[in-house]
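*Asks:* quick check, what structure comes out for this input:
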Amino acid sequence: VLVIDSTNRATPEELEKLRAVTDPRLRVVHTPPRGCPAAANEGVRHARGEILVFIDDDDLPADENWLWHHVRNYRDPLCLGVNGFQDEPTEHRANDRVLFPALRHRMVLSHGPFKDPWSLASYGRRKIGIAHLNGGNSSLRRSAALLGGGWDEYLDYHNEHSLFLRLNKRRPRGTYMVYDPDARCIIRKNIPGGLDSRFSGLVTRRVNTLAKYFLWTVGREHPLRIWGFFPLFFLYFLFLAGAGGSYVALGRGRSRALGFLQGVAYAPVALLKHALARPAPRHDGFPDLPATA
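*Replies:* Next up is the predicted model:
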(Lines give C-alpha, C1' and ligand atoms only; values in the text may rest on other atoms or scores of the structure.)
Protein backbone atom coordinates (compact mmCIF):
# COMPACT_ATOMS: atom_id res chain seq x y z
CA VAL A 1 0.00 0.00 0.00
CA LEU A 2 1.42 3.32 -1.10
CA VAL A 3 0.11 6.48 0.59
CA ILE A 4 0.79 9.82 -1.09
CA ASP A 5 0.59 12.38 1.71
CA SER A 6 0.34 15.78 0.04
CA THR A 7 -1.24 17.82 2.80
CA ASN A 8 0.37 20.56 4.84
CA ARG A 9 -2.44 20.46 7.40
CA ALA A 10 -1.73 17.16 9.12
CA THR A 11 -1.89 17.34 12.91
CA PRO A 12 1.01 16.09 15.06
CA GLU A 13 -1.22 13.20 16.16
CA GLU A 14 -1.87 12.18 12.56
CA LEU A 15 1.81 12.33 11.68
CA GLU A 16 2.66 10.26 14.74
CA LYS A 17 0.21 7.57 13.64
CA LEU A 18 1.92 7.39 10.24
CA ARG A 19 5.36 7.15 11.81
CA ALA A 20 4.16 4.40 14.14
CA VAL A 21 3.29 2.06 11.26
CA THR A 22 6.13 -0.41 10.81
CA ASP A 23 4.47 -2.85 8.40
CA PRO A 24 6.87 -3.05 5.42
CA ARG A 25 3.90 -3.45 3.05
CA LEU A 26 2.92 0.18 3.73
CA ARG A 27 4.98 3.04 2.31
CA VAL A 28 4.27 6.73 2.82
CA VAL A 29 5.56 9.33 0.34
CA HIS A 30 5.40 12.95 1.48
CA THR A 31 5.00 15.60 -1.23
CA PRO A 32 4.04 19.28 -1.31
CA PRO A 33 0.30 19.95 -1.74
CA ARG A 34 0.21 20.08 -5.55
CA GLY A 35 -3.20 18.50 -6.14
CA CYS A 36 -4.66 15.14 -7.19
CA PRO A 37 -2.97 14.71 -10.60
CA ALA A 38 0.48 15.39 -9.16
CA ALA A 39 -0.22 12.88 -6.37
CA ALA A 40 -1.29 10.29 -8.94
CA ASN A 41 1.90 10.85 -10.94
CA GLU A 42 3.93 10.37 -7.77
CA GLY A 43 2.04 7.14 -7.17
CA VAL A 44 3.06 5.86 -10.60
CA ARG A 45 6.69 6.82 -9.96
CA HIS A 46 6.86 4.97 -6.63
CA ALA A 47 4.64 1.96 -7.41
CA ARG A 48 6.32 -1.41 -7.79
CA GLY A 49 3.54 -3.53 -9.28
CA GLU A 50 2.09 -3.86 -12.76
CA ILE A 51 -1.51 -3.18 -11.66
CA LEU A 52 -2.06 0.19 -9.97
CA VAL A 53 -5.25 0.55 -7.91
CA PHE A 54 -6.28 4.08 -6.93
CA ILE A 55 -8.37 5.04 -3.93
CA ASP A 56 -9.11 8.57 -2.73
CA ASP A 57 -9.10 9.76 0.87
CA ASP A 58 -12.91 9.74 0.97
CA ASP A 59 -13.32 6.23 -0.49
CA LEU A 60 -14.12 3.21 1.65
CA PRO A 61 -14.18 -0.27 0.06
CA ALA A 62 -17.63 -1.77 0.56
CA ASP A 63 -16.38 -5.29 1.32
CA GLU A 64 -13.23 -7.34 1.72
CA ASN A 65 -13.39 -8.57 -1.89
CA TRP A 66 -13.11 -5.07 -3.38
CA LEU A 67 -9.52 -5.50 -4.54
CA TRP A 68 -10.21 -8.95 -5.99
CA HIS A 69 -13.08 -7.56 -8.09
CA HIS A 70 -10.60 -5.19 -9.69
CA VAL A 71 -7.75 -7.64 -10.19
CA ARG A 72 -9.80 -10.50 -11.67
CA ASN A 73 -10.44 -8.42 -14.80
CA TYR A 74 -6.72 -8.44 -15.60
CA ARG A 75 -6.79 -12.15 -16.37
CA ASP A 76 -7.43 -10.87 -19.88
CA PRO A 77 -4.17 -9.30 -21.09
CA LEU A 78 -6.19 -6.92 -23.29
CA CYS A 79 -7.78 -5.26 -20.27
CA LEU A 80 -5.95 -2.00 -19.50
CA GLY A 81 -8.10 -0.52 -16.73
CA VAL A 82 -11.09 -1.02 -14.45
CA ASN A 83 -13.54 1.38 -12.83
CA GLY A 84 -15.79 0.28 -9.98
CA PHE A 85 -19.20 1.28 -8.63
CA GLN A 86 -19.30 4.55 -6.70
CA ASP A 87 -21.82 4.32 -3.87
CA GLU A 88 -22.49 8.04 -3.44
CA PRO A 89 -25.16 9.82 -1.39
CA THR A 90 -28.51 9.78 -3.20
CA GLU A 91 -28.63 13.52 -3.88
CA HIS A 92 -25.38 13.35 -5.89
CA ARG A 93 -26.68 10.82 -8.39
CA ALA A 94 -30.40 11.66 -8.47
CA ASN A 95 -30.16 13.17 -11.96
CA ASP A 96 -28.65 9.97 -13.35
CA ARG A 97 -31.77 7.95 -12.59
CA VAL A 98 -34.04 9.92 -14.91
CA LEU A 99 -32.20 8.53 -17.96
CA PHE A 100 -33.52 5.60 -19.93
CA PRO A 101 -31.57 2.40 -19.08
CA ALA A 102 -30.11 2.04 -22.58
CA LEU A 103 -28.98 5.68 -22.65
CA ARG A 104 -27.56 5.44 -19.16
CA HIS A 105 -25.57 2.34 -20.10
CA ARG A 106 -24.20 4.14 -23.16
CA MET A 107 -23.17 7.17 -21.11
CA VAL A 108 -21.40 5.33 -18.27
CA LEU A 109 -17.78 6.56 -18.17
CA SER A 110 -17.98 8.04 -21.66
CA HIS A 111 -17.13 11.43 -23.15
CA GLY A 112 -19.51 14.13 -24.31
CA PRO A 113 -19.40 15.93 -27.67
CA PHE A 114 -16.46 18.12 -26.61
CA LYS A 115 -14.70 15.36 -24.64
CA ASP A 116 -16.27 16.43 -21.36
CA PRO A 117 -16.40 13.39 -19.08
CA TRP A 118 -19.61 11.66 -18.07
CA SER A 119 -19.31 9.32 -15.10
CA LEU A 120 -22.63 7.69 -14.00
CA ALA A 121 -20.50 5.09 -12.18
CA SER A 122 -23.42 3.99 -10.00
CA TYR A 123 -24.94 1.68 -12.55
CA GLY A 124 -25.67 -2.00 -12.05
CA ARG A 125 -24.55 -3.45 -15.38
CA ARG A 126 -21.02 -4.30 -16.43
CA LYS A 127 -19.74 -2.33 -19.44
CA ILE A 128 -16.75 -3.14 -21.62
CA GLY A 129 -15.28 -0.28 -23.64
CA ILE A 130 -15.40 2.73 -21.32
CA ALA A 131 -13.51 5.88 -22.30
CA HIS A 132 -11.96 6.89 -18.99
CA LEU A 133 -11.52 6.05 -15.31
CA ASN A 134 -12.38 8.10 -12.26
CA GLY A 135 -9.67 9.17 -9.84
CA GLY A 136 -10.76 6.76 -7.10
CA ASN A 137 -12.03 3.18 -7.11
CA SER A 138 -10.18 2.61 -10.34
CA SER A 139 -7.21 0.56 -11.49
CA LEU A 140 -4.84 0.75 -14.42
CA ARG A 141 -1.95 -1.24 -15.78
CA ARG A 142 1.32 0.50 -15.08
CA SER A 143 2.24 0.11 -18.75
CA ALA A 144 -0.98 1.94 -19.72
CA ALA A 145 -0.21 4.80 -17.33
CA LEU A 146 3.20 5.16 -18.95
CA LEU A 147 1.73 4.95 -22.45
CA GLY A 148 -0.78 7.69 -21.59
CA GLY A 149 1.98 9.85 -20.17
CA GLY A 150 0.45 10.54 -16.74
CA TRP A 151 -1.89 13.30 -15.67
CA ASP A 152 -1.62 17.02 -16.48
CA GLU A 153 -0.86 18.70 -13.16
CA TYR A 154 -2.44 22.11 -13.79
CA LEU A 155 -6.01 20.79 -13.39
CA ASP A 156 -7.95 20.38 -10.16
CA TYR A 157 -11.23 19.49 -11.86
CA HIS A 158 -11.66 16.92 -14.64
CA ASN A 159 -8.07 16.16 -13.68
CA GLU A 160 -8.29 12.43 -14.45
CA HIS A 161 -8.90 12.78 -18.15
CA SER A 162 -5.74 14.13 -19.72
CA LEU A 163 -4.14 10.69 -19.47
CA PHE A 164 -7.11 8.94 -21.08
CA LEU A 165 -7.46 11.41 -23.95
CA ARG A 166 -3.90 10.45 -24.90
CA LEU A 167 -4.20 6.76 -24.03
CA ASN A 168 -7.30 6.27 -26.19
CA LYS A 169 -5.31 7.46 -29.22
CA ARG A 170 -2.23 5.37 -28.44
CA ARG A 171 -3.45 2.07 -27.00
CA PRO A 172 -3.02 -1.07 -29.12
CA ARG A 173 -5.97 -2.27 -31.15
CA GLY A 174 -8.23 -4.64 -29.22
CA THR A 175 -7.34 -3.37 -25.76
CA TYR A 176 -10.08 -1.94 -23.59
CA MET A 177 -11.13 -0.65 -20.18
CA VAL A 178 -14.11 -1.98 -18.24
CA TYR A 179 -16.69 -0.83 -15.70
CA ASP A 180 -17.19 -3.54 -13.07
CA PRO A 181 -20.04 -2.72 -10.65
CA ASP A 182 -18.97 -5.51 -8.28
CA ALA A 183 -15.93 -3.43 -7.22
CA ARG A 184 -17.87 -1.11 -4.91
CA CYS A 185 -16.56 1.84 -2.95
CA ILE A 186 -18.52 4.07 -0.59
CA ILE A 187 -17.88 7.74 -1.39
CA ARG A 188 -18.22 9.53 1.92
CA LYS A 189 -19.30 13.01 2.95
CA ASN A 190 -18.67 15.06 6.06
CA ILE A 191 -15.02 14.05 6.43
CA PRO A 192 -11.91 16.12 5.58
CA GLY A 193 -11.37 15.80 1.84
CA GLY A 194 -14.71 14.08 1.41
CA LEU A 195 -17.43 14.45 -1.20
CA ASP A 196 -18.65 17.72 0.28
CA SER A 197 -15.36 19.40 -0.61
CA ARG A 198 -15.93 18.65 -4.31
CA PHE A 199 -19.04 20.83 -4.27
CA SER A 200 -17.56 23.81 -2.48
CA GLY A 201 -15.20 26.64 -3.33
CA LEU A 202 -15.46 29.61 -5.64
CA VAL A 203 -17.49 29.69 -8.83
CA THR A 204 -14.64 31.48 -10.62
CA ARG A 205 -12.19 28.73 -9.67
CA ARG A 206 -14.48 26.01 -11.01
CA VAL A 207 -15.12 27.85 -14.30
CA ASN A 208 -11.44 28.72 -14.74
CA THR A 209 -10.51 25.08 -14.37
CA LEU A 210 -13.17 24.06 -16.89
CA ALA A 211 -11.72 26.59 -19.34
CA LYS A 212 -8.22 25.19 -18.87
CA TYR A 213 -9.48 21.64 -19.36
CA PHE A 214 -11.23 22.40 -22.65
CA LEU A 215 -8.82 24.94 -24.15
CA TRP A 216 -5.52 23.49 -22.95
CA THR A 217 -6.16 19.75 -22.51
CA VAL A 218 -8.87 18.88 -25.03
CA GLY A 219 -7.63 21.62 -27.37
CA ARG A 220 -4.23 19.93 -27.57
CA GLU A 221 -5.47 16.38 -28.12
CA HIS A 222 -8.63 17.11 -30.16
CA PRO A 223 -8.30 20.68 -31.49
CA LEU A 224 -11.09 20.31 -34.06
CA ARG A 225 -13.58 19.57 -31.27
CA ILE A 226 -12.97 22.97 -29.69
CA TRP A 227 -11.75 25.36 -32.37
CA GLY A 228 -13.50 23.86 -35.37
CA PHE A 229 -16.92 24.03 -33.69
CA PHE A 230 -16.26 26.99 -31.43
CA PRO A 231 -19.74 28.61 -31.68
CA LEU A 232 -21.38 25.38 -30.56
CA PHE A 233 -18.68 24.80 -27.97
CA PHE A 234 -19.21 28.30 -26.57
CA LEU A 235 -22.91 27.66 -25.93
CA TYR A 236 -22.12 24.27 -24.45
CA PHE A 237 -19.49 25.81 -22.18
CA LEU A 238 -21.97 28.41 -20.93
CA PHE A 239 -24.23 25.60 -19.77
CA LEU A 240 -21.40 23.64 -18.13
CA ALA A 241 -20.15 26.77 -16.37
CA GLY A 242 -23.64 27.41 -15.07
CA ALA A 243 -23.96 23.82 -13.88
CA GLY A 244 -20.60 24.11 -12.12
CA GLY A 245 -21.69 27.33 -10.43
CA SER A 246 -24.89 25.63 -9.34
CA TYR A 247 -22.99 22.79 -7.67
CA VAL A 248 -20.66 25.20 -5.92
CA ALA A 249 -23.65 27.13 -4.62
CA LEU A 250 -25.13 23.88 -3.30
CA GLY A 251 -21.96 23.19 -1.32
CA ARG A 252 -21.98 26.69 0.15
CA GLY A 253 -25.66 26.65 1.10
CA ARG A 254 -26.60 29.30 -1.47
CA SER A 255 -29.22 29.54 -4.19
CA ARG A 256 -28.44 27.17 -7.04
CA ALA A 257 -30.10 29.55 -9.50
CA LEU A 258 -27.77 32.36 -8.41
CA GLY A 259 -24.77 30.06 -8.72
CA PHE A 260 -25.88 29.07 -12.23
CA LEU A 261 -26.10 32.70 -13.30
CA GLN A 262 -22.70 33.47 -11.79
CA GLY A 263 -21.15 30.61 -13.73
CA VAL A 264 -22.74 31.70 -17.01
CA ALA A 265 -21.71 35.34 -16.50
CA TYR A 266 -18.08 34.42 -15.78
CA ALA A 267 -17.74 31.85 -18.57
CA PRO A 268 -16.77 34.29 -21.41
CA VAL A 269 -14.17 35.92 -19.14
CA ALA A 270 -12.60 32.55 -18.32
CA LEU A 271 -12.53 31.46 -21.96
CA LEU A 272 -10.93 34.70 -23.13
CA LYS A 273 -8.38 34.69 -20.32
CA HIS A 274 -7.19 31.15 -21.00
CA ALA A 275 -7.37 31.45 -24.78
CA LEU A 276 -4.93 34.36 -24.61
CA ALA A 277 -2.70 32.84 -21.91
CA ARG A 278 0.22 30.56 -22.60
CA PRO A 279 -0.96 27.01 -21.80
CA ALA A 280 0.67 25.27 -18.87
CA PRO A 281 2.93 22.37 -19.89
CA ARG A 282 1.27 19.00 -20.17
CA HIS A 283 2.59 15.93 -18.38
CA ASP A 284 3.27 13.52 -21.20
CA GLY A 285 5.70 10.89 -20.03
CA PHE A 286 7.89 9.57 -17.23
CA PRO A 287 11.41 9.85 -18.64
CA ASP A 288 12.87 8.82 -15.28
CA LEU A 289 11.08 5.43 -15.32
CA PRO A 290 11.71 2.25 -17.31
CA ALA A 291 8.93 1.16 -19.66
CA THR A 292 8.30 -2.02 -17.65
CA ALA A 293 8.20 -2.72 -13.93
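*Asks:* quick one: the strands in this protein?
*Replies:* 2-5, 27-30, 51-54, 59-61, 79-87, 110-111, 117-118, 127-128, 138-141, 176-187 (DSSP state E).
*Asks:* what is the third one packed up against?
*Replies:* Under the contact criterion of 3 or more Cβ pairs under 8 Å, 6 or more residues apart in numbering; DSSP states H and E, strand 51-54 touches helix 36-46, helix 66-71, strand 138-141, helix 142-148. From N, CA and C alone the C-beta is placed, and that goes for glycine too.
*Asks:* give me that answer again for 7 Å
*Replies:* helix 36-46, helix 66-71, strand 138-141 (3 or more Cβ pairs under 7 Å, 6 or more residues apart in numbering; DSSP states H and E).
*Asks:* for the protein, what spans make up the helices?
*Replies:* Taking DSSP state H, the helices of the chain run over residues 12-20, 36-46, 66-71, 101-107, 142-148, 161-170, 195-198, 203-212, 219-221, 223, 230-251, 256-276.
*Asks:* same list, the ones you listed, but as JSON lines with mean neighbour count please.
*Replies:* Below are these laid out as JSON lines (neighbours: other Cβ atoms under 10 Å):
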{"stretch": "helix 12-20", "mean neighbour count": "10"}
{"stretch": "helix 36-46", "mean neighbour count": "19"}
{"stretch": "helix 66-71", "mean neighbour count": "17"}
{"stretch": "helix 101-107", "mean neighbour count": "13"}
{"stretch": "helix 142-148", "mean neighbour count": "20"}
{"stretch": "helix 161-170", "mean neighbour count": "21"}
{"stretch": "helix 195-198", "mean neighbour count": "16"}
{"stretch": "helix 203-212", "mean neighbour count": "22"}
{"stretch": "helix 219-221", "mean neighbour count": "18"}
{"stretch": "helix 223", "mean neighbour count": "10"}
{"stretch": "helix 230-251", "mean neighbour count": "18"}
{"stretch": "helix 256-276", "mean neighbour count": "18"}
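*Asks:* CSV for these, including mean pLDDT?
*Replies:* CSV is the format used below for the helices of the chain (pLDDT from 0 to 100):
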stretch, mean pLDDT
helix 12-20, 80
helix 36-46, 92
helix 66-71, 97
helix 101-107, 82
helix 142-148, 95
helix 161-170, 95
helix 195-198, 62
helix 203-212, 91
helix 219-221, 94
helix 223, 95
helix 230-251, 88
helix 256-276, 93
